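> Next input, structure requested:
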Amino acid sequence: MFAISTFYVSHVSAITVSDKANKLAQENIIIDSHIDVPYRLEEKWVDVTKATKEGDFDYPRAKQGGLNAPFMSIYIPASLDNSANSTKLADKLIDYVEAIVGRAPNKFAIASSTADVEQQFAEGLISLPLGMENGSPIQGDLANLQHFYERGIRYITLAHSQANHISDSSYDLRRKWKGLSPFGKELVQKMNKVGVLIDISHVSDAAFYQTIELSKTPVIASHSSLRAFTPGFERNMDDKMIKALGENGGVIQINFGSTFVTKRANAWSKRRSAEQKVVEDKFGKDSDQYKNFSDEFAAKNPLPYATLDSVLDHIDHVVKLIGIDHVGIGSDYDGVGDSLPTDLKDVSTYPNLIQGLLNRGYSDKNIIKILSGNFMRVWKTNEEYAAKH
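Take a look at the predicted model:
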């Protein structure tokens with residue numbers, strides 16, 4: 001969750017999708033490991049069991065796209081770190097997901113395991129597994145890890161945009177812990193034993209390597225892309241890290257946000273942030289100038305959107321580096337505002353991605369791995385390890 005702007009634009013796809021691509025979408029499990037619906041509902045409640053005018057996710061669009069296992073991101077802003085309010089918000093956002101299921105139990109179901117996802121898919125339901133973006137709600141207490149596991153959390157992104165009590169963040173230059181904190185190192189090992197996947201999206205490079213060294217199970221990058229295409233953007237992963245992730249048996253779930261996938265859009269984002277900081281320093285965060293900055297900047301300087309091919313390039317790069325078994329989808333829908341690539345504007349567009357993979361020569365078997373097989377393998381491996389420990 002790292003909003004680019006607050007408005008949404010309707011876009012018409014230019015890609016021709018074959019019956020085969022639509023069939024692959026509808027007949028297979030599609031896991032998208034990062035969709036920010038719960039925090040979207042915190043900002044403005046809408047009934048996503050029905051069609052909605054804004055945002056990137058709702059039931060009709062998910063069905064159209066074949067999406068049947070979106071991880072609901074329990075996103076906790078870094079501003080709540082070291083506050084009991086982070087734990088309260090996490091529980092509140094989980095309540096929202098349960099409310100979605102309560103409104104439409106014939107459409108959705110909470111998924112706590114790979115077996116749940118497979119069973120719910122067979123029943124024609126959309127599974128809603130849960131991932132926590134920012135480990136702040138753990139509050140340095142392993143009892144909270146168990147609490148959130150029991151509420152359905154199946155991965156935790158260790159930090160977000162600032163260092164917390166667990167880990168340094170890629171966005172935070174202070175490097176408070178020089179990687180993981182002492183508690184973070186303890187938490188990583190406990191997450192293995194409980195059966196909560198470790199998500200290294202957002203953490204610093206040092207924290208990534210320390211996590212890889214400590215974890216007894218494969219880790220995930222729930223919504224990250226590649227630094228090879230965005231030089232200097234530490235939020236993404238470089239080739240050395242991707243190779244280490246492959247050796248760990250893990251999976252990188254590609255983020256669709258334009259600023260994550262192309263150098264040009266990333267440069268736009270950096271310029272926008274720099275100019276916003278000038279406005280903040282001059283007028284303050286409560287000023288109209290600051291509040292209106294994002295929309296005014298985008299109006300004067302339109303974001304150079306990435307394309308479907310941009311995202312496919314990231315998938316290709318991972319496959320060439322470490323093979324087909326370590327890449328998947330972590331779109332960041334409802335988390336990156338109006339910064340999504342052409343032809344991947346909402347959850348109805350997974351057939352476009354599949355068509356793009358077909359056009360690049362990917363086999364049906366390998367496409368299914370990208371859609372869910374690789375993530376399910378990692379998840380099952382973590383489940384099996386926890387069952388033995």
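> Could you pull out the strands in this structure for me?
31-35, 69-75, 108-110, 126-128, 130-133, 153-157, 197-199, 220-224, 251-254, 327-329 (DSSP state E).
> For Phe293, which of these is the nearest?
Closest of the strands of the chain to Phe293 is strand 69-75, at 22.3 Å (criterion: CB to CB). Every residue, glycine included, has its C-beta placed from N, CA and C.
> by contact count, what packs against that closest one?
strand 31-35, helix 37-43, helix 84-103, helix 114-122, strand 126-128, strand 130-133, strand 153-157 (3 or more CB pairs under 8 Å, 6 or more residues apart in numbering; DSSP states H and E).
> Tell me which of those sits most buried.
Highest mean neighbour count of the helices and strands packed on strand 69-75: strand 31-35, a mean of 29 (counted as mean count of other CB atoms under 10 Å).
> Off-centre distance for that one?
6 Å (CA atoms, centre = their mean, to the nearest Å).
> Check stretch 232-239 too.
16 Å.
> CA atoms only for that stretch, dumped as PDB, please.
The C-alpha coordinates for stretch 232-239 follow below in PDB (Å, rounded to 0.1, in the frame of the first residue of the first chain):
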ATOM      1  CA  GLY A 232      18.500   2.800  -7.400                       C
ATOM      2  CA  PHE A 233      15.000   1.900  -6.200                       C
ATOM      3  CA  GLU A 234      15.700  -0.300  -3.200                       C
ATOM      4  CA  ARG A 235      12.100  -1.100  -2.700                       C
ATOM      5  CA  ASN A 236      12.500  -3.500  -5.600                       C
ATOM      6  CA  MET A 237      14.900  -6.500  -5.600                       C
ATOM      7  CA  ASP A 238      18.200  -6.700  -7.500                       C
ATOM      8  CA  ASP A 239      19.500  -9.800  -9.300                       C
END
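> If you average the pLDDT over that stretch, what comes out?
Averaging pLDDT along stretch 232-239 gives 97.
> coming back round to it: I'd like the helices and strands packed on strand 69-75 as TSV, with mean pLDDT and distance to Glu383 appended.
What follows is these, written out as TSV (pLDDT from 0 to 100; distance: least, CB to CB, whole Å):
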stretch	mean pLDDT	distance to Glu383
strand 31-35	98	15
helix 37-43	97	23
helix 84-103	98	20
helix 114-122	98	6
strand 126-128	98	15
strand 130-133	98	15
strand 153-157	98	9
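> Mind putting those into TSV with distance to Pro70?
TSV is the format used below for the helices and strands packed on strand 69-75 (distance: least, CB to CB, whole Å):
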stretch	distance to Pro70
strand 31-35	5
helix 37-43	8
helix 84-103	10
helix 114-122	11
strand 126-128	7
strand 130-133	10
strand 153-157	13
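> now for the ones you listed, which one comes closest to Phe260?
strand 31-35 (11.5 Å).
> for the helices and strands packed on strand 69-75, which one sits closest to Ser201?
strand 153-157 (5.5 Å).
> chain center to that closest one: distance?
So, by CA atoms, centre = their mean, the centroid of strand 153-157 is 11 Å from its chain's centroid.
> Each with direction, which strands does it pair with?
strand 130-133 (parallel), strand 197-199 (parallel) (DSSP bridges).
> and of those, who's closest to Ser258?
Here strand 130-133 is closest among those (CB to CB), at 19.7 Å.
> Identify the residues contacting that closest one?
1, 33-34, 36, 71-76, 90, 94, 97, 110, 148, 151-157, 160, 197, 199, 202, 222 (CB atoms under 8 Å, 6 or more residues apart in numbering).
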